[in-house]
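Participant: predicted model, plus sequence, below.
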Amino acid sequence: MKEQDPKGTPPGPLAEIKRLYFSATRTTIDRDFDRAIDLLKGMPEDERHRATVYMQGLAEMRKEFRRGRGSS
């Protein structure tokens, strides 16, 4: 369930990307990363820079988690 602010407004794309960043796990990272990309694409171009740190963090986690999987 998505968190809402006190006024009852659902979170915007940046808040959702931030939530994905802080809740990502080894088992959810691919889904979380893909969802964050979709959200980023829907953001106005002039606001995307605000999501950069979270997107970089998700990408780094994805890379690290994949490295830790070993060869399957």
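Facilitator: That came in fine, so what should we check first? Fair warning: this is a prediction, and the values are worked out from it, not measured in the lab.
Participant: max-length helix in the chain?
Facilitator: Assignment by DSSP state H gives helix 52-69 as the longest helix of the chain.
Participant: please identify the buried residues of that helix?
Facilitator: Neighbour counts using 16 or more other C-beta atoms under 10 Å place 54-55, 57-58, 61-62, 65 of helix 52-69 among the buried residues. Using the backbone N, CA and C atoms, a C-beta is placed for each residue, glycine as well.
Participant: please apply the same query to stretch 23-42.
Facilitator: Using 16+ other C-beta under 10 Å as the test for burial, stretch 23-42 gives 24, 29, 32-33, 36, 39-40.
Participant: quick one: secondary structure of R26?
Facilitator: Following DSSP: H, G, I helix; E, B strand; the rest coil, R26 is assigned to coil.
Participant: so that it lines up with my notes, have the first residue be 730 from now on.
Facilitator: Got it, first residue is 730 now, which makes that one R755.
Participant: name the nearest residue to it, ignoring sequence neighbours.
Facilitator: Of all residues not flanking R755 in the chain, F794 sits nearest, at 4.8 Å (C-beta to C-beta, 6 or more residues apart in numbering).
Participant: repeat for G797
Facilitator: G797's closest residue in space is R755 (C-beta to C-beta, 6+ apart), at 7.4 Å.
Participant: and the pLDDT for the one you found?
Facilitator: Model confidence at R755, given as pLDDT, is 95.
Participant: could you do R795 as well?
Facilitator: 91.
Participant: mind listing residues that contact stretch 743-763?
Facilitator: Contact with stretch 743-763 is made by 731-732, 740, 764-765, 768-769, 772, 776, 779-780, 783-784, 786-788, 790-791, 794, 797, as judged by C-beta atoms under 8 Å, 6 or more residues apart in numbering.
Participant: look up how far D763 lies from R798.
Facilitator: Distance of R798 to D763, computed by C-beta to C-beta, to the nearest Å: 17 Å.
Participant: now do D775
Facilitator: Counting by C-beta to C-beta, the gap from D775 to D763 is 24 Å.
Participant: where does this protein have low pLDDT?
Facilitator: For the chain, the stretches flagged by pLDDT under 70 are 730-738, 799-801.
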